[in-house]
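Undergrad: Could you work out the structure for the sequence below:
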Amino acid sequence: MKIKTLAATCAAAAALAMPLAAEELSFANFTPPFHTINASVIEKLNADLSEATGGELTVRGYHGGELGAGPVEQYVRVLQGVADMGWGLPGYTSSQFGKTMIAEMPNAIPLDAPGYEALWAAYDEISGEFPGTVPLALWTSEPNIFIMKDHDIRTPADLEGLKIRVAGATAAEVASAMGATPVQMPINQVYNALQTGLIDGVITGASTLSDFKLDEVANSYTLGANLGRLVFWTVMTEAKYDSLTDEQRAALDSVSGMPLSQSAEEAWNATADAALEAARASGDNTVIDLSDAEIAAFAEAVAAVTDAYVAEVDGEAALAAMKGE
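TA: Numbering: from 1, shown residues only. All right, here's what the predicted structure looks like:
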């Protein structure tokens, strides 16, 4: 009897140690599981949240667009509850994220300054652009560079007439200011567009060389000009957030925000650094490091675009916060 009683007591204790209502939160990912987002955000969030809640909450990534393939529609999918969480780029729906998009403008954030810190510093100014959701991470890519096929870019004049892919309307203005013809398309269409000659190049971060295999179709890279960055968000539907217990929300808050944003941005930078190192080591690429005078020429060419955009969205306070002023 004593053995049976002891076994029953152990079983009861084990049951009490288990989460009473374990819940798996879905995370929509429109990219493949090898993309940088998976380890730096999805898997990290799963590990950290599971630990913080004693296994009550976990996160499962649905990769490759399993919950909906279109990158442009990711915010809406979270808003409608198709997924509990998701990630995306404000540039795909830039009219919604007017002030957030300031971070993508040339010279808005110094090349050596962390973008995630700038975005969270300006959160009071941009929070209204995330209706119906709770931002879990806000970060930027590594600084944009020119990624070209069969064209070397050293001056704005070298872009005259070239078709350059951009992520959104603000980036399109930047490309136009340098004489290029902007072509807006999701990043997962760029490989084929470069390969077939539909576009001549793209203004984006070097992490795409590995994340989207652009190193296979591009052969010239220009670094040094402050062409802005891409901004990213990870959000959770507000209804799901509100359905969590107070303890679960506190746990989620503790593992999201700045630490999750830092993880994402550092991963993007690491991916970019490795991709550029590989590009330099390859014998069939041209990598151009602009001189100070050449950098100044690009800054002058796009300065009016940044100033006009900030004024258009009444974003002076947001820009000042991003710059720490």
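Undergrad: which residues of the stretch 151-300 of the chain fall in strands?
TA: 163-166, 181-184, 201-204, 220-223, 231-237, 286-289 (DSSP state E, counting those that start in this stretch).
Undergrad: packing partners for the fourth one?
TA: I take that to be strand 220-223. strand 145-148, helix 258-281, strand 286-289 (3 or more Cβ pairs under 8 Å, 6 or more residues apart in numbering; DSSP states H and E). Just so you know, the C-beta spots here come from the backbone N, C-alpha and C atoms, and that holds for glycine as well.
Undergrad: wait, N285 sits on Y221?
TA: Yes. In terms of Cβ atoms under 8 Å, N285 counts as a neighbour of Y221; the distance is 6.7 Å.
Undergrad: want to throw the strands of the stretch 151-300 of the chain into JSON lines with distance to A321, mean pLDDT and mean neighbour count?
TA: Shown next, in JSON lines, are those (distance: least, Cβ to Cβ, whole Å; pLDDT from 0 to 100; neighbours: other Cβ atoms under 10 Å):
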{"stretch": "strand 163-166", "distance to A321": "25", "mean pLDDT": "96", "mean neighbour count": "24"}
{"stretch": "strand 181-184", "distance to A321": "28", "mean pLDDT": "96", "mean neighbour count": "17"}
{"stretch": "strand 201-204", "distance to A321": "25", "mean pLDDT": "95", "mean neighbour count": "28"}
{"stretch": "strand 220-223", "distance to A321": "28", "mean pLDDT": "98", "mean neighbour count": "22"}
{"stretch": "strand 231-237", "distance to A321": "14", "mean pLDDT": "97", "mean neighbour count": "24"}
{"stretch": "strand 286-289", "distance to A321": "31", "mean pLDDT": "97", "mean neighbour count": "14"}
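Undergrad: Quick one, which of those strands gets closest to N29.
TA: strand 231-237 (10.2 Å; Cβ to Cβ).
Undergrad: ok, residues contacting the closest one?
TA: Strand 231-237 is touched from outside by 25, 41, 75, 78-79, 81, 83-91, 97, 100-101, 103-104, 115, 119, 130, 132-141, 252, 256, 260, 264, with contacts defined as Cβ atoms under 8 Å, 6 or more residues apart in numbering.
Undergrad: E216: what's it in contact with?
TA: Taking Cβ under 8 Å, 6+ apart, one finds Y191 in contact with E216.
Undergrad: where does it land on pLDDT?
TA: E216 carries a pLDDT value of 96.
Undergrad: Quick check: it vs H63, distance?
TA: As judged by Cβ to Cβ, to the nearest Å, E216 and H63 stand 21 Å apart.
Undergrad: What of L209?
TA: In terms of Cβ to Cβ, L209 sits 20 Å off from H63.
Undergrad: the more surrounded of those two?
TA: Comparing L209 with H63 by other Cβ atoms under 10 Å, the one with more neighbours is L209, at 25 against 19.
Undergrad: distance of the more buried one from H35?
TA: Separation of L209 from H35 (Cβ to Cβ): 13 Å.
Undergrad: for L25, helix, strand, or coil?
TA: At L25 the chain is in strand, as set by DSSP: H, G, I helix; E, B strand; the rest coil.
Undergrad: what's the nearest residue to it if we skip its chain neighbours?
TA: Spatially, and ignoring its direct neighbours in sequence, L25 is nearest to D84 (4.3 Å; Cβ to Cβ, 6 or more residues apart in numbering).
Undergrad: who's in contact with that neighbour?
TA: D84 makes contacts with 25-27, 78, 236-237, 240, as judged by Cβ under 8 Å, 6+ apart.
Undergrad: mind running it again at 7 Å?
TA: The contact partners of D84, by Cβ atoms under 7 Å, 6 or more residues apart in numbering, come to 25-26, 236-237, 240.
Undergrad: Can you tell me the centre-most residue of the chain?
TA: By Cα atoms, centre = their mean, the chain has its centre lying nearest to F232, at 2.9 Å.
Undergrad: Buried only: go through the contacts of strand 231-237 for me.
TA: Neighbour-count burial (16 or more other Cβ atoms under 10 Å) is assigned, among those, to 25, 41, 75, 78-79, 83-91, 97, 100-101, 103-104, 115, 119, 130, 133-141, 252, 256, 260, 264.
Undergrad: Narrow these to those in strands?
TA: 25, 85-88, 133-140 (DSSP state E).
Undergrad: how does this protein divide up, domain by domain?
TA: Using automatic domain parsing, the domains assigned to the chain come out as 23-142+229-271, 145-228+284-322.
Undergrad: List just the one of those domains that sits closest to E277.
TA: Proximity to E277 (Cβ to Cβ) singles out domain 145-228+284-322 among the domains of the chain, at 9.7 Å.
Undergrad: end to end, how far does that closest one reach?
TA: Chord length of domain 145-228+284-322, first to last residue, is 21 Å (Cα to Cα, to the nearest Å).
Undergrad: same question, stretch 192-200
TA: Using Cα to Cα, first and last residues of stretch 192-200 are 11 Å apart.
Undergrad: For it, list every residue counted as buried.
TA: With the criterion 16+ other Cβ under 10 Å, stretch 192-200 contains buried residues 193-194, 199-200.
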